[in-house]
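In: Got a predicted model here, sequence first, then my questions.
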Amino acid sequence: MRTAVITFPASNCDRDAAVALRKVTGIKPVMVWHRDTELPKDIEFVIIPGGFSYGDYLRCGAMASRSPIVADLVKKAKKGLAIAGFCNGFQVLTEAGLLPGALMRNKGLKFVCRPEKLEIINNTSRYTAKYNDQSEVVYPVAHHDGNYYADKETLNKIEGQGQVIFRYKDNPNGSVNDIAGICNEGGNVFGMMPHPERAIDPMHGGTDGIKLFKSIIESI
Amino acid sequence: MSKKVKITPEVVAEHGLSEEEYEVIQDRLGREPNINELGIFSVMWSEHCSYKSSRRHLSKFLTKGDRVIQGPGENAGVIDIDDGDAIIFKMESHNHPSYIEPYQGAATGVGGIMRDVFTMGARPIALMNALRFGEHSHWKTKQLVNGVVAGIGGYGNCVGVPTVGGETNFHKGYNGNILVNAMCVGLARTDKVFYSAAKGVGNPIFYVGSKTGRDGIHGATMASAEFDDNSEEKRPTVQVGDPFTEKLLIEACLELMETDAIIAIQDMGAAGLTSSSIEMADKGGVGVLINLDDVPQREEGMTPYEMMLSESQERMLMVIKPGKEKLAYEIFEKWELDVALIGKTTDTGRLVLKHKKKKVCDIPIAPLADDAPNLNRPYKVPKPLPIINSSDIHETQDYNDALLRIMGSPDICSKRWIWEQYDRHVMTDTLDSSQSGGDAAIIRIHNKNKAVAITTDCTPRYVQADPYQGGKQCVAETWRNLTCVGADPIAITDCLNFGNPEREDIMGQFVGAIEGMNEACRAFDYPVVSGNVSLYNETNGVAIPPTPAVGGVGLIPDLEYFSSISGAKEGDTLIMIGETNGWLGSSIYLREILRREEGAPPPVDLDVEKINGDYIRKLIRNKRVNAVHDCSDGGMAIAACELALTNNIGVHLQRSSGCPLHAWLFGEDQARYLISVEKNSVNPILTTAEDRGVKAYIVGKVGGMNIKAEGAFDLPISTVREKHENFLPELMS
Amino acid sequence: MKAIIHIGLKPGVLDPQGRAISRSLNDLGFDEVVNARQGKVIEIDIKGKDTELAHKRVTNMCEKLLANTVIESYLVEIKK
Amino acid sequence: MKAIIHIGLKPGVLDPQGRAISRSLNDLGFDEVVNARQGKVIEIDIKGKDTELAHKRVTNMCEKLLANTVIESYLVEIKK
Ligand SMILES: Nc1ncnc2c1ncn2[C@@H]1O[C@H](COP(=O)(O)OP(=O)(O)O)[C@@H](O)[C@H]1O
Ligand SMILES: [Mg+2]
């Protein structure tokens, strides 16, 4: 199965995402440069990795979300392509309009890096199906702007439609409703601030993240 | 400044050059220098670039070893960690800039040290930071801590290199001069290490990175000048960092390094274009011609003087093989960096600068390096403070209170508030970091079954009390910390922070500390491969405590065998390796509980260190221990508390010797390790230790949820944790 | 020409920076401070002379990049 | 009363953010953009009626907290 990881200037978890994909699929993902105008053929799952694309200047993820490759992703997302964004990737997806809401500066105004307990709210989604016997996981967070915001209407909608996938047990950033990860209406686009790709190795951050990658890969 | 500036004695003095130095310049040129030339000599001969006060003493250091590929003299040190892998590392200070503008000062410090490392072909894989702030209650401290920590995180997090450890002290001696020392560790291939010697004539010189602005002009001389109450006026010289551009530079340089296009490469650090071009030419034995009109400029009307002395960040200089220009352009343009061909190497042995069709500088390169002042400053190593007998020291009446006060004191408290602002996990090879509170960070070599261990250490109060013993101790503690995780210590970098070297006693601290450090390096076969000196750390004539920060690197050859502070289990026995005599002079107990800063520091017996450390490593390789922690600040009691907190399990200490209880608990005797072992390992350990001449004895056990010591304290872990965790957040709120 | 763009959070969106600022000011003894909000100003130098066109183009820049209209509102000002 | 404080980088200080913005606008086809700078605006609601006093106090707030005068300059405006 062919997967891809997008690299923007100053993406810095692109390698980590690639390692995770290879670990789960056994195949190296294609690394796609942000200036490319089209995804390579047959790509079935794309990760927008964490990092500080464009230095987080202006707004996190804003400039990256206007890149040529994201324009192609927007088109393909509508046709059902599976896309996940972690951390900065989540910010890019909201900025691109592929996911509702926005990510604002952490309530404490500081960068926060720690392992974080998450509650799986919807374990029937394409990204969490493998967790169906599990309600809690630990993934590390590492971000300065992970404070999820959406207006009332949007919030009611995503809560009502099962689009909220993960919630923080101990909210590190002030996110509304403790939201840590959401998907779009179609369930194919998913974003979260915590880093599941940092939780795939018992020596480093635990292994709670593996099932997330397995879930989406097997759903395809 | 225009080209027409007349060189008066005042102008010479403003450039920090002595009359004699100016005479040498005139002699080498055979004429008066113009202002550009004067500026160039001035920065090259500043303390910061020429190491004029320290050079002769640094040359005593052990710098060679089986694993040393490159010792001091290049941008960073290089060591061999087998399988064709090399580790490249260095530590550097950014003290003065951080005091003036904490966020940008610290951020650009991190940026600068990373450039030293990737310049040599290494991908940065870890960062550390050693910080010293003024008294926690000083009005400026909170703002400085806030800014420095945010700056370090802001830069390292953005670039995507994990910040995995460090140390933080608070002392009134740093009220007017904080220390911000950053260390970077990178990974390269032994056959792909890049150097700065610009060999060959007629080769193109490329400039890459950010444009040159008027930032930091005179930064190098400023870093070598003492502070006074007017220093606020020097503010505009502080540079702003751009981690985004740094990240692009790393990727672009590493990509170009994959080809064979680079002859020489050098980052533009202190004294920017001047020192980078001169160092490259000097090492390569060539001359350099630079056309300043081609230098990418951020502002209009920049003079040659400004361009040559600017310290704008995120810039590199490289000599490219002829014919590879197009390749270089392509890669740098892909990464959206400013790139320009600004000159070439020549056979003249001279630095020639052209600006608007005129020659604005023409000086021989050799004297800039060869004739740089090499002072033999007078020094007097201060006498060690007198030894205090532990029986002459008051015993605390309330051990519970004493323990809590120490655990909640500025130096011992948890630094979580700091390291939670650092991304410790990016690159997914961090096996241990600040998070565990352990002794050394462990970074796996990507895709391999081995790791490097990294630590920084310095106990300034010991160096203050006795520079020689203190110097030994700094090196010994890093060696011990690497040992604690099961690594073979390989080499160190250092950052020697001292006061004004023109004073005999300060110079004496410097010389004494170096002697002690060097002796430890030799005893452990643990060479110095890179480092940095920061002098004139004083305000209104009051110097900082002497602070020779040491960064140690070791190798864990097989991930089957390493250890850390975590892993202690219910029912384990606590064994102390190393003798406990109860040395309280210059201890944390004496300072925090009795408010006394006095007494000779604990002596460091290097032979004992060696056999104890070797034994610990053997126990780890034989999988005999569950957890290991070094016994340092605060002695056995604090080591035991830290072990308990990390593992969230109680400890129960039982006195093992005749020394007074408070000395037994809080004494800071060196060469000690607290280990947590299974019951059935106890006897084998005690026996083999005896065979090897290692002192080993039971000091307690692990279990329950209390931290207690027979006849002294008994507290729930939660109470101790609260004290330990709350100090910094409360201070910073 | 110069375009000056003021970008601020929409009413109702919680502003953690603004809150922190007013709290810190109160802590410093500025008791008269009731409330603070933080916004951005972006100044852009633009080639050309047609202010009306510039206004249109800059508004377009805001919609396309400079503001995130989910949380922010903006105001464009063109100066000769 | 309301105080509006404009904070920007001093001339000559590197503005990486501004540079990235103008590049990104060029990429999006806004070729007329030559240069961009990003600054902050802080709006503060203040009790009291004395604008002169307010101006003084707010200037003091800038020096003490709001601006980083090492690299930033600021401008205070008081509105009734
Ligand atoms: N400035 C800092 N940055 C990152 N980690 C820090 C910093 N200061 C302290 N730490 C971490 O806190 C823990 C305790 O520090 P310290 O008491 O100095 O350790 P030790 O005495 O065992 O060397 C260590 O894991 C250290 O890496
Ligand atoms: Mg320590």
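Out: Sure thing, it's come through. None of these values were measured; they are calculated from a predicted model. Ligands and ions are numbered 1, 2, ... in the order given.

In: isn't B:Thr168 right next to B:Met128, touching?
Out: No: with contacts counted by C-beta atoms under 8 Å, B:Thr168 stays clear of B:Met128, the gap being 11.5 Å. (C-beta placed from N, C-alpha, C; glycine too.)

In: Between the two, tell me which one has more neighbours.
Out: B:Met128 (28 against 20; other C-beta atoms under 10 Å in any protein chain shown).

In: Please name the nearest non-neighbouring residue to the more buried one.
Out: B:Met183 (4.2 Å; C-beta to C-beta, 6 or more residues apart in numbering or on different chains).

In: My reading is that that neighbour is in a strand; is that accurate?
Out: Yes: assigned with DSSP: H, G, I helix; E, B strand; the rest coil, B:Met183 falls within a strand.

In: which ones are touching it?
Out: B:89-92, B:113, B:127-130, B:454, B:456, B:493, B:495, B:551 (C-beta atoms under 8 Å, 6 or more residues apart in numbering or on different chains).

In: Those in helices, which ones?
Out: Among the contacts of B:Met183, DSSP state H puts B:Ile113 in helices.

In: Go ahead and confirm B:Leu431 touches B:Arg444.
Out: Yes: look at B:Leu431 against B:Arg444 with C-beta under 8 Å: they come within range, at 5.5 Å.

In: anything in contact with each of those two?
Out: A:Met203, A:His204, B:Ala451, B:Leu559.

In: what's the spacing between the last one and B:Asp630?
Out: B:Leu559 sits 21 Å away from B:Asp630, going by C-beta to C-beta, to the nearest Å.

In: outside of the lowest-mean-pLDDT helix or strand in chain C, which residues touch it?
Out: Within chain C, confidence by mean pLDDT, DSSP states H and E is lowest for helix C:16-27 among all helices and strands, at a mean of 92. Residues from elsewhere that reach helix C:16-27 (C-beta under 8 Å, 6+ apart): A:104-109, A:147, A:174, C:9, C:33-38, D:42, D:44, D:61, D:65-66.

In: for chain A, what are the nearby residues on chain B?
Out: Proximity of chain B to chain A, by C-beta under 8 Å from any C-beta of the partner chain, involves residues B:150, B:153-154, B:157-160, B:242-245, B:247-248, B:335-336, B:419-431, B:435, B:444, B:559.

In: In helices, which of these fall?
Out: Reading helices off these with DSSP H, I get B:Ala150, B:Gly153, B:Gly154, B:Asn157, B:Cys158, B:Val159, B:Pro243, B:Phe244, B:Thr245, B:Lys247, B:Leu248, B:Trp419.

In: need the contact list for the first one.
Out: Applying C-beta under 8 Å, 6+ apart, we find B:Ala150 in contact with A:Lys110, A:Phe111, B:Tyr103, B:Gln421.

In: Most neighbours of all the residues you listed, which one?
Out: B:Tyr103 (25 neighbours).

In: Give me the mean pLDDT for the longest helix seen in chain B.
Out: Using DSSP H, we find that the single longest helix of chain B is helix B:504-524. Here helix B:504-524 scores 98 as its mean pLDDT.

In: Same check on stretch A:20-27?
Out: The average pLDDT for stretch A:20-27 rounds to 94.
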